[in-house]
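Visitor: Sequence first, predicted coordinates after that:
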Amino acid sequence: MKRIISSVAVSFLFSCIFLNNAQAQGPSINTDTPIMLGLQGRGLRTFTKFVHKTTLLQAGSEINDDMNRQANVRITPVIIPYTLFNERFQVGVIVPFMDIDFDSRTQQTASRGIGDFRLFTKYLLYQRDRKLETFRIAAKAAVKLPSGNENKSPALGSGSTDYAFSTVAGWIKNRIGLYLEGIYNLNTSNGSTNFGDSFVYNFAFGYRLLPAIYETYPSPQLNGFLEINGATTGRNRINGQIIENSGGTIVFLSPGLQFVGGRKWLLEASLQYPLIQQPNGTQLATDWTISLGTRILIF
């Protein structure tokens, strides 16, 4: 569960809602973008992500589950960014609201409440603008605070203070956008439990479906995205002993649609389906996820 929260929080760091006329395309949905909100920009992003898990895997292969285990997770983060220092530096906070249900033949549990907060910063390292084209690179850092209740069942947080460091690059030309992101999560411990570090890797291809050519700008636009979103996580340890049924690799294929209604708001949706799922040991795997959300530029 900690890995899901961490991946969602980091992978969904807030970005700009609109670009100028030379770079008119909305931001990618599951992959971050190096393009900032604008001078002293203040924004709000929220979405609801549904995670459905019913398949039991052992060494990457499906096996029969005599317990009929099933987990349904609903995560609704509220993301508030603020841009400083001539549009090159951004700070923000992510507050996730969690709703987790777990069922099996012998157990039925549910938890609801606030998960682990995350504070983040993003700095624009490089920018090259040409006619109808831009290329930018940004560096990011984040800290996750143990605000979620780890004593509930299922747990709402990990109880650990964790750190993330990443780089994101974006190239946009006319109707096409390419985004690439790598995130290293340095995970610490909670009592005798040491959590495995993880590496998140994202790639997004974006295409402005409508309008093909702007007659007036700004005007509403419809964007399509196809993304690859992956994460590899190390095993956890308790009192120095490796937990075999922890960590692993998952890679999603993530198509999505986004409607930009104007300069200050958009709506978006994305489906994630696992292409590769190799959990270590025996674990309940993710069947699919769906995200529905909005972004609003406040000032």
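Guide: Good, I have the coordinates. Numbers count the residues shown, from 1 in each chain.

Visitor: Every contact and neighbour count from this point should use C-alpha atoms.
Guide: OK.

Visitor: Do a quick rundown of the helices in the stretch 1-150 of the chain.
Guide: Taking DSSP state H, counting those that start in this stretch as the test, the helices found in the stretch 1-150 of the chain are 2-11.

Visitor: low pLDDT regions in it?
Guide: 1-24, 37-41 (pLDDT under 70).

Visitor: Show me the strands in it, by range?
Guide: 43-53, 55-58, 61-62, 70-84, 89-103, 108-114, 118-130, 133-144 (DSSP state E, counting those that start in this stretch).

Visitor: Distance to E227 and mean neighbour count for these - can I get that in TSV?
Guide: Output for the strands of the stretch 1-150 of the chain, formatted as TSV (distance: least, C-alpha to C-alpha, whole Å; neighbours: other C-alpha atoms under 10 Å):
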stretch	distance to E227	mean neighbour count
strand 43-53	16	19
strand 55-58	23	20
strand 61-62	25	13
strand 70-84	20	21
strand 89-103	22	20
strand 108-114	28	16
strand 118-130	22	17
strand 133-144	19	20
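
Visitor: so which of those strands comes closest to T282?
Guide: Nearest to T282 among those is strand 55-58 (4.3 Å), distances taken as C-alpha to C-alpha.

Visitor: Can you give me every residue that contacts L124?
Guide: When contacts are counted by C-alpha atoms under 8 Å, 6 or more residues apart in numbering, L124 touches P34, I35, R88, F89, R136, I137, A138, A139.

Visitor: sorry, back to before: closest to T289 out of the strands of the stretch 1-150 of the chain?
Guide: Closest among the strands of the stretch 1-150 of the chain, using C-alpha to C-alpha: strand 43-53, at 4.5 Å.

Visitor: Mind listing residues that contact the closest one?
Guide: By C-alpha under 8 Å, 6+ apart, strand 43-53 touches 14, 37, 70-82, 284-299.

Visitor: That strand: partners in the sheet, and parallel or antiparallel?
Guide: When pairing is defined by DSSP bridges, strand 43-53 lines up against strand 70-84 (antiparallel), strand 288-297 (antiparallel).

Visitor: Quick check: which of the ones you listed is nearest to V200?
Guide: Short answer: strand 288-297, nearest of the strands paired with strand 43-53 by C-alpha to C-alpha, at 16.7 Å.

Visitor: Need the strands paired with strand 43-53 in TSV (columns: distance to P220).
Guide: Shown next, in TSV, are the strands paired with strand 43-53 (distance: least, C-alpha to C-alpha, whole Å):
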stretch	distance to P220
strand 70-84	24
strand 288-297	14
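
Visitor: between the ones you listed, which one is nearest to L178?
Guide: Going by C-alpha to C-alpha, the one of these nearest L178 is strand 288-297, 20.2 Å.

Visitor: got the contact list for that closest one?
Guide: Contacts for strand 288-297 (C-alpha under 8 Å, 6+ apart): 17, 41-53, 263-274.

Visitor: So for stretch 145-163, first residue to last residue, what's the gap.
Guide: This stretch, stretch 145-163, spans 9 Å end to end (C-alpha to C-alpha, to the nearest Å).

Visitor: tell me which residues in stretch 184-202 are buried?
Guide: For stretch 184-202, the neighbour count (16 or more other C-alpha atoms under 10 Å) marks 184-189, 193-202 as buried.

Visitor: so how far does that stretch reach from one end to the other?
Guide: End-to-end distance for stretch 184-202: 12 Å, by C-alpha to C-alpha.

Visitor: Need the mean per-residue confidence for that stretch.
Guide: The average pLDDT within stretch 184-202 is 98.

Visitor: what does that stretch rub up against?
Guide: 7, 11, 30-31, 158-166, 179-183, 227-240, 247.

Visitor: How about the contacts made by T282?
Guide: Neighbour list for T282: L56, L57, Q58, A59, N245 [criterion: C-alpha under 8 Å, 6+ apart].

Visitor: Could you rerun that using 7 Å?
Guide: The contact partners of T282, taken as C-alpha atoms under 7 Å, 6 or more residues apart in numbering, are L57, Q58, A59, N245.

Visitor: Next: T167.
Guide: A138, A139, K140, E181, G182, I183.
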